[in-house]
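**Student:** Dropping the sequence and predicted coords here.
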Amino acid sequence: MSLGAIYLWEPEIFTGQIPSLNESERAAYELYQQHRDTTAVGKKLQDWAEYMVQKVTHSDYSEYFSKEVQQWCIDLQHGLTAEPCAILELEHFDIVAQGDALYRVFYEAVQYSGVGFYEPRFSVWGNSAVQVPDQAVTAVLTSFLKPLSTEQQSFELDKIEAPRNIKKAEELFKLWCLHHPILKKSRVTSIL
């Protein structure tokens, strides 16, 4: 069992009892072990991946997602299309996510597709509409993860606001380096 892994599955493969929160990670892992070589009958995983790709590659949200995150989602979608599987284990999603924006899209895609899932950051387990805790996806989306905004963030040196995402943090750092009295004359700015 990979600590912190996310599991996604076609709802029809889950036929057991709904686990308690304390048992949800083990139940998801056991389901993965049982069905990791099962070919998908349904298309909910593919719907989930398609929604993810549409969101992270949409030009209105470009400041939230790096090219690497976009490519990761595209590769995941292509993999599910080439080899439709009934269950998927996503290791190191927290590292790929680089913040809340990808988690927001993940939960929106879960809600949209009706895929079964276990996600450890918010300790949520669901098989389509049946979720532990009840209405967990809606609760996470409304209480913890802000909606993505189409409003572009820009920096004026006199009125700098804290960046809302990794891409803008990188941009602010580069801007700072270009205006720093020592760094603007060094090789650091030519590397950036």
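**Tutor:** All right, it came through fine. Residues are numbered from 1 along each chain as shown.
**Student:** Can you check the pLDDT for E25?
**Tutor:** If you check E25, the pLDDT there is 93.
**Student:** With the one 4 residues further on instead?
**Tutor:** Among the per-residue scores, Y29 holds a pLDDT of 95.
**Student:** quick one: buried residues of the helix or strand encompassing it?
**Tutor:** Per DSSP states H and E, Y29 falls inside helix 24-35. Of the residues in helix 24-35, 24-25, 27-29, 31-32, 35 count as buried by neighbour count, 16 or more other C-beta atoms under 10 Å. C-betas here are computed from N, CA, C, even on glycine.
**Student:** between the residues you listed, which is closest to A129?
**Tutor:** Nearest to A129 out of the buried residues of helix 24-35 is S24 (C-beta to C-beta; 16.1 Å).
**Student:** ok, longest helix in this structure?
**Tutor:** Ranked by residue count under DSSP state H, the longest helix found in the chain is helix 67-82.
**Student:** Show me what the helix holding Y29 is packed against.
**Tutor:** strand 6-9, strand 87-90, strand 116-119, strand 124-127 (3 or more C-beta pairs under 8 Å, 6 or more residues apart in numbering; DSSP states H and E).
**Student:** Point out the most buried one among those.
**Tutor:** Compared across these, strand 116-119 shows the largest average neighbour count, a mean of 26 (mean count of other C-beta atoms under 10 Å).
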